[in-house]
Structures are given as C-alpha cells and as structure tokens.
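Undergrad: For reference, the sequence and a predicted model appear below.
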Amino acid sequence: MPAQVVLGAQWGDEGKGKLVDQLATDADWVARFQGGNNAGHTIVVGEQVLKLHQLPSGLTNPNCQCVLGSGMVIDPWVLAEELETWQASSGESPLGKRLWISERAHVNLPFHRLYDGADEKIGTTGRGIGPTYRDKIERVGVRFCDLDSKRSDQTWLDESAARMTSQLSARGVEESITSADLKESLDWVADKFGHAVRHTGLMLDIALRQGESVLLEGAQGCLLDIEHGTYPFVTSSVTSRANASHGAGIHPGHITEVFGVVKAYTTRVGNGPFPSELFDDVGAHMGEVGHEFGTTTGRPRRCGWLDLVVLRHANRLNGFTDITLTKLDVLGGLDELEVVVGYELDGVPLSEMPANMDDLARVTCLTETVAGFPALSLEEWLDLARKANSDGAGFAALPNGAREYVEKVEAWLGVPIHSVGVGPDREATVYRA
C-alpha cells in the first residue's frame, strides 16, 4: 500500500496530532521522520488530554506499530518520561514491543540542552535540538547504533568531553562535561533503550511491500523548515514532504497522499517576521478562544489572519493532495474575517514570500474581507460534527459564514479540503461528504 504523510503548512501548531490520531485508527505503522522533543502534539479523547513530544500520535491505536525514524534527534530522558506517563494512562509499556527506535537516529545529550539553553536570539525551545543536528552535520554526533562502541572508547570519551566543555565555555555556560559524565549518560541510554533499536527503515519497507499502511508524521511546519522556512528563525531539520520518506528510511515513490494541515488562522511561537500578526482585540480573541499556548514551551503563540502567501509557498514545496482545516470554531463570534491574499513591498505587489527576513519584516499585507459567523460552544460544535458525519451532510452542515469561509479557502488554494476541525475532541471534525 502507499504511504501517507501529514505535514504542517504554516509555522507549526496546526493540529497535526489530531489528524494523525484519526488516520492512525486505520494505519498499521506510524513513523516520525524529523525533529525531536521540540514538537508538541495534543490529542483529546473525551476527558483525556494527551500531550506527546516524541512519541508518534499513532500510539493511541493499540494495533499500530510506531517508529522514531532516522531523521529524528531523540532525547532519551524525555522519552522515558513520556513512556512513564503513557503507561500510567494506558497501562501499556510499548517500548520494544510496538515502539521502535531507528539505529540511525541521533541521541540528544545533556550537553546539547545546556548549549541550546543559552540561546537568546532565535527563540528556540531550548531542548537541544539544533546543537544535536549541528553535531550530526559535523559528524561528531552519537547515533543509537554507536552507543556500545562510543561508551567503550576512552579516547573518544575524553576528547568529546573536552570538546563539549570548551563549547559550553565559549557560549558562556559555566558547567562542564567530564568523560565519566558522558559515559554514564551513554550507559543509561543503551541499557534503557537498546532492546528497541532496530533497522526501522527496512521494517517500514517490508511493511509497505506486504501491503500494510504506513503514516508518516511531520513535526513543526513548513515555515520552520531549515531550507525553505523563515531562516534563521526556523527549526534545524527539513520539515517537508521531501524529507518524509528520507527521514523514515524509505524511498519517495511510496508516498501518494500528502495531507497539509492548515489552521483557520495563523500562529507562530518564537521570534521572526510574521506579516499577518494582529496586535488588537481580534488577535487576543484568537489567542484566548484558541488556547494558543505552545504544547512544548507553554509560551503564548502570536496570532494573525490566515495567510495565503504562506500557504501557496507550502503547497509548492509539498504538493498537498488534501488540506485539513483546523480550529475553524475559534473564529466564531467575529463580525468580519480577513484573509491575506498577497503582500506589498516598497509599493511593489508580491504573490510570493521574500527569502530575506528584513524584507519579509517590511511587507504590508493585502487582504480580502469575508463575513464572520456566530460563536458556538464546544459542545454545540461537537454535536454538529457528529450529526454532520452520521447524516453524510459534510460541510453543508456548517453554519452560514463558516461554510462560505471553507469554500473560499478551498477555491483560493486550489486543493480539496478533506475535513474541517471544529473543536479539540477527536470527534469534533466535519468530513467532506
């Protein structure tokens, strides 16, 4: 069977976890292919709220195999905490049974977190993601398959500890790393996770050849891509479709469906230009009603109108076959809605994003205004979604204004909208008829 991919089309926090949770009910495998615990996926099942950072969202399906792919940088200490939380919630311990770690994935060490924590410019999560990817590119990182050889090599331990301490000192961090500290960390990781380390790319390839379904789960969003995002205010990995197969260890020909997840407005966490950002009551409404706080950092998200320039950029890079529009309910209660259809820079109209961040910070948004729609309670939205899906009414069940908004967004993007999220619960989704 072909592989499916779920990707964020904005600056992350679009609601990918909810979609993956829904799609994973029919998936045999779910794999994360990039990033680390700088991601944050929230899944709501009735009264239960699950916040996942490294664990694939497919974990909620007990019949689904889960993979932490080779393109990831994995913090074993955070992973251990997540697994403990999962076991307390579900009674299950999936590690080495249906949760597998790629032998080629890199280990996020205490050094990386210390180094990253000194960042004051980019506004990173401080989780050590960038420094781990940097060590990967500099070819001094530690992969899970390297744990045994590295921890038994005293010369490597001494040299690596000295390098790490020197780099921390240059960053203004007073703490040091000793070879004994480093060995203790590697010993713990190997003992805790060694039995779950596998050639996961081969496992996924065999699964696909045998006709099993594979879902590839992206983290962050297109505009945080290290190559095509709002550099340097980006994450440290490639977040696009092109890396989905590569970071999972399979070839791109397996992928036929690509779901772009689009929030009905736009948010971002951290620093950097954000053309449609609002500093008024409407932006405050989005933040308050949408509970816009980062799952990973707890920082308030910056809010703004839906930006078609951003989405055209994302679609060009990823070739979405379907769009999932999320959090439409948050816009309820606003008299008018605006959508950014283009930019203007120094009097010149732009239909594409400038690559230079100084230019992006100076653009003026060109917008179109559409009618708003009434606010409903979460219970009313949930009831509406359940009835729409059971009756097969699809988007026709949406209130006047909300339905027109969905239709306009679909027409503007030229990509079919697969479903519309109208609340945090996994059932609060209206599917296309």
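TA: Okay, I see it.
Undergrad: What are the boundaries of the strands in the stretch 101-250 of the chain?
TA: Counting by DSSP state E, counting those that start in this stretch, the segments of the stretch 101-250 of the chain that form strands are 106-107, 197-198, 214-217.
Undergrad: Can you tell me which of those is nearest to A244?
TA: Evaluated over the strands of the stretch 101-250 of the chain, closeness to A244 peaks at strand 214-217, with 4.5 Å, by CB to CB. The way it works is simple: take the backbone N, C-alpha and C, and place the C-beta from them, glycine included.
Undergrad: contacting residues around that closest one?
TA: In this structure, residues lying in contact with strand 214-217 by CB atoms under 8 Å, 6 or more residues apart in numbering are 1, 3-6, 16, 20, 23-24, 27-33, 56-58, 204, 207-208, 244-245, 248, 250, 254-255.
Undergrad: just to revisit the earlier point, winner for burial among the strands of the stretch 101-250 of the chain?
TA: Between these, the one whose residues have the most neighbours on average, counting mean count of other CB atoms under 10 Å, is strand 214-217 (a mean of 28).
Undergrad: Pull the distance from that strand to the chain's centre.
TA: Chain-centre distance of strand 214-217: 13 Å, with CA atoms, centre = their mean, to the nearest Å.
Undergrad: Give the partner strands of it in its sheet and their orientations.
TA: Taking DSSP bridges as the criterion, strand 214-217 sits next to strand 3-8 (parallel), strand 29-32 (parallel) in its sheet.
Undergrad: With distance to M164 and mean pLDDT as added columns, please give the strands of the stretch 101-250 of the chain in CSV.
TA: Supplementary listing: the strands of the stretch 101-250 of the chain in CSV, determined by distance: least, CB to CB, whole Å; pLDDT from 0 to 100:
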stretch, distance to M164, mean pLDDT
strand 106-107, 13, 98
strand 197-198, 23, 98
strand 214-217, 31, 96
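Undergrad: got those as JSON lines, with distance to W188 columns?
TA: As requested, the strands of the stretch 101-250 of the chain are arranged in JSON lines below (distance: least, CB to CB, whole Å):
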{"stretch": "strand 106-107", "distance to W188": "11"}
{"stretch": "strand 197-198", "distance to W188": "14"}
{"stretch": "strand 214-217", "distance to W188": "27"}
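Undergrad: wait, which of the ones you listed is closest to L95?
TA: L95 lies closest, by CB to CB, to one member of those: strand 197-198, at 10.4 Å.
Undergrad: And for the closest one, what's in contact with it?
TA: Here strand 197-198 has contacts from 100-103, 144-145, using CB under 8 Å, 6+ apart.
Undergrad: Give me the pLDDT for G294.
TA: As predicted, G294 sits at a pLDDT of 69.
Undergrad: what sits against the residue positioned nearest the centre of the chain?
TA: For the chain, the residue sitting closest to the mean C-alpha position, by CA atoms, centre = their mean, is A219 at 2.3 Å. Neighbour list for A219: 8, 12, 16, 32, 34-35, 38-39, 41, 239 [criterion: CB under 8 Å, 6+ apart].
Undergrad: Okay, helices next: where are they in the chain?
TA: Listed in chain order, the helices of the chain (DSSP state H) span residues 16-23, 76-90, 110-116, 129-137, 147-151, 154-170, 179-193, 200-209, 241-248, 281-289, 308-318, 357-362, 378-391, 402-413.
Undergrad: Mark out where each domain of the protein begins and ends.
TA: Recorded structural domains for the chain (assignment: automatic domain parsing) are 3-102+199-431, 106-195.
Undergrad: Tell me which of those domains sits most buried.
TA: domain 3-102+199-431 (a mean of 20).
Undergrad: what are the phi and psi angles of S351?
TA: Dihedral pair for S351: phi -110, psi -10, per degrees, to the nearest 10.
Undergrad: Let me see the contact set for the residue lying closest to it once chain neighbours are set aside.
TA: Nearest-residue entry for S351: G342, 5.4 Å, with adjacent residues in sequence omitted and distances by CB to CB, 6 or more residues apart in numbering. If you count contacts by CB under 8 Å, 6+ apart, G342 has them with 308-309, 349-351, 365-366.
Undergrad: repeat that for 7 Å
TA: Contacts here follow CB atoms under 7 Å, 6 or more residues apart in numbering; on that basis G342 touches 309, 349-351, 366.
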